[in-house]
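Engineer: No sequence on hand, only this structure:
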């Protein structure tokens, strides 16, 4: 008996017990639904992660530091470190806890520039700005200040960015949240207007020591003895563009105001001059010549690590994020697998009942010359039909429900236009259905073996 005839006969046999066939298929369909939805969610999150990385990191840039925390993907290590002038404490929690980090010095920056593969070194300036305002405005607002990264692709409400390289000195990127606060009608009205940023020059240790010494000796008058105020500097910039919170933005606590690297460096020098942090950075960005080629970036990383630097690539950051996603996907997928395993027993039970109900039929088929091997394959193909139907039903429902809910889920999660939380891959669905067919065939193996071994004479005598 050829394969086509076996498939047709198996289909007719299942059709004679429609309710039982559908119920058994639905059991495996639940697992197919869960696994299809899990795969689609994993695809959607990975696609969003890819956009997140490409919009916020230049693949040709390496994040380079002198502390192992640069490569630490887990919880920060707050254990004490051996004293070093380049080690500073950074506040990392709302409880005031600090993290000791060995910083990159100006000498390190000059050393990095000497590598043959280095195209550019950009320090990661951390500027403590006091407030932002507009000329003639008596209202002041707090801010986060950051240097513009040419590798980033911030979403704009108005204005435009240079196609390549840094923004112009004397200009800034203003977040949409500041537009009305600073007195502008809308984003377009803010373009070309002036915005002022206040920074302060802290006191040096020598100046503070001199102040307290004079205070103790009583050589200062009443006014002079008042707590000194830091020297404030008000710098004015023009708005080049207005940014808005994008779906692929890494700024969860509000967008920063961005200046050119040169302008940010000038403010950094002013706010750290005379302090132990002057000319020191938690990490720097090192752009590799031809670093878009992943292998060149990895070769540069290996050479820098040999020289005592700690390095992260954009691929490392992406792996850290996707690793978390993979763990969640596996946890959800386990429930789908458990459902499939449970349905296997349902298939075995269904096939055994089918063998018992059709004992006389099996005996008749053998008496008419059907080989035991063909009888076995008939029941295996029936099991395969159950796996196929369950896979199609489960995957079909998952695709239909997922497609209907996708816009709502994407909007609720704030992923933005062009992103989807569920991305269905028909290749994956096809492989999933084939896998379920294979599982069903394995589940029907023993009932089929029992049917193949039935003695035709004894089978025909069965009532």
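Structural biologist: Cool, the structure landed. Fair warning: this is a prediction, and the values are worked out from it, not measured in the lab.
Engineer: average pLDDT across the host helix or strand of residue 107?
Structural biologist: In this structure, residue 107 sits in helix 106-113 according to DSSP states H and E. What helix 106-113 shows for mean pLDDT is 94.
Engineer: Can you list the buried residues in that helix?
Structural biologist: By neighbour count on 16 or more other C-beta atoms under 10 Å, the buried set for helix 106-113 is 108, 109, 112. Bear in mind the C-beta positions are built from the backbone N, C-alpha and C, glycine included.
Engineer: nearest to residue 308, of those?
Structural biologist: For these, the residue nearest residue 308 by C-beta to C-beta is residue 108; the value is 9.7 Å.
Engineer: So that closest one is in contact with residue 65, correct?
Structural biologist: No - counting by C-beta atoms under 8 Å, residue 108 does not reach residue 65; the two are 9.3 Å apart.
Engineer: which neighbours do those two share?
Structural biologist: Here residue 108 and residue 65 have residue 284 as joint contacts, going by C-beta atoms under 8 Å, 6 or more residues apart in numbering.
Engineer: got the contact list for residue 194?
Structural biologist: Counting by C-beta under 8 Å, 6+ apart, residue 194 touches 134, 135, 236, 237, 238, 239.
Engineer: what's the spacing between the last one and residue 12?
Structural biologist: When C-beta to C-beta, to the nearest Å is applied, the distance between residue 239 and residue 12 equals 75 Å.
Engineer: the more surrounded of those two?
Structural biologist: Legend: neighbour count by other C-beta atoms under 10 Å for residue 239 and residue 12, higher for residue 239 (25 against 10).
Engineer: ok, that one touching residue 193?
Structural biologist: Yes - if you go by C-beta under 8 Å, residue 239 and residue 193 touch, sitting 5.4 Å apart.
Engineer: okay, now the nearest residue to residue 15 once chain neighbours are set aside: neighbour count?
Structural biologist: Nearest-residue entry for residue 15: residue 21, 7.6 Å, with adjacent residues in sequence omitted and distances by C-beta to C-beta, 6 or more residues apart in numbering. Residue 21: 21 surrounding residues under other C-beta under 10 Å.
Engineer: can I assume residue 21 sits in a strand?
Structural biologist: No - judged by DSSP: H, G, I helix; E, B strand; the rest coil, residue 21 forms no part of a strand; its state is helix.
Engineer: what's it in contact with, if anything?
Structural biologist: Applying C-beta under 8 Å, 6+ apart, one finds that residue 21 lies in contact with 14, 15, 350, 385, 386, 389.
Engineer: Please apply the same query to residue 188.
Structural biologist: Contacts of residue 188 (C-beta under 8 Å, 6+ apart): residue 158.
Engineer: can you tell me the helix or strand for it?
Structural biologist: Per DSSP H and E, residue 188 falls inside helix 187-190.
Engineer: Can you list the buried residues in that helix?
Structural biologist: Along helix 187-190, these residues count as buried under the neighbour rule (16+ other C-beta under 10 Å): 187, 190.
Engineer: Mean confidence (pLDDT) on that helix, please.
Structural biologist: The predicted model gives helix 187-190 an average pLDDT of 95.
Engineer: Which is the succeeding secondary structure element to that helix?
Structural biologist: Next along from helix 187-190, by DSSP H and E: strand 194-201.
Engineer: Now residue 259: closest residue in space that isn't a chain neighbour?
Structural biologist: Counting by C-beta to C-beta, 6+ apart, residue 259 lies nearest to residue 172, which is 5.2 Å off, once chain neighbours are set aside.
Engineer: Wait, a helix at that neighbour?
Structural biologist: No - Residue 172 sits outside any helix when classified using three-state DSSP, being strand.
Engineer: That one pairs with what?
Structural biologist: residue 239, residue 259 (DSSP bridges).
Engineer: what's around it, how many residues?
Structural biologist: Neighbourhood size, residue 172 [other C-beta under 10 Å]: 24.
Engineer: Hmm, residue 272 is touching residue 278, no?
Structural biologist: Yes - between residue 272 and residue 278 there is a contact under C-beta under 8 Å: 4.2 Å.
Engineer: These two: which is more packed in?
Structural biologist: Between residue 272 and residue 278, residue 272 has the larger neighbour count (other C-beta under 10 Å), namely 19 against 13.
Engineer: ok, now how distant is that one from residue 232?
Structural biologist: Using C-beta to C-beta, residue 272 is found at 15 Å from residue 232.
Engineer: what do you get for residue 449?
Structural biologist: Separation of residue 449 from residue 232 (C-beta to C-beta) stands at 88 Å.
Engineer: Alright, calling it a day.
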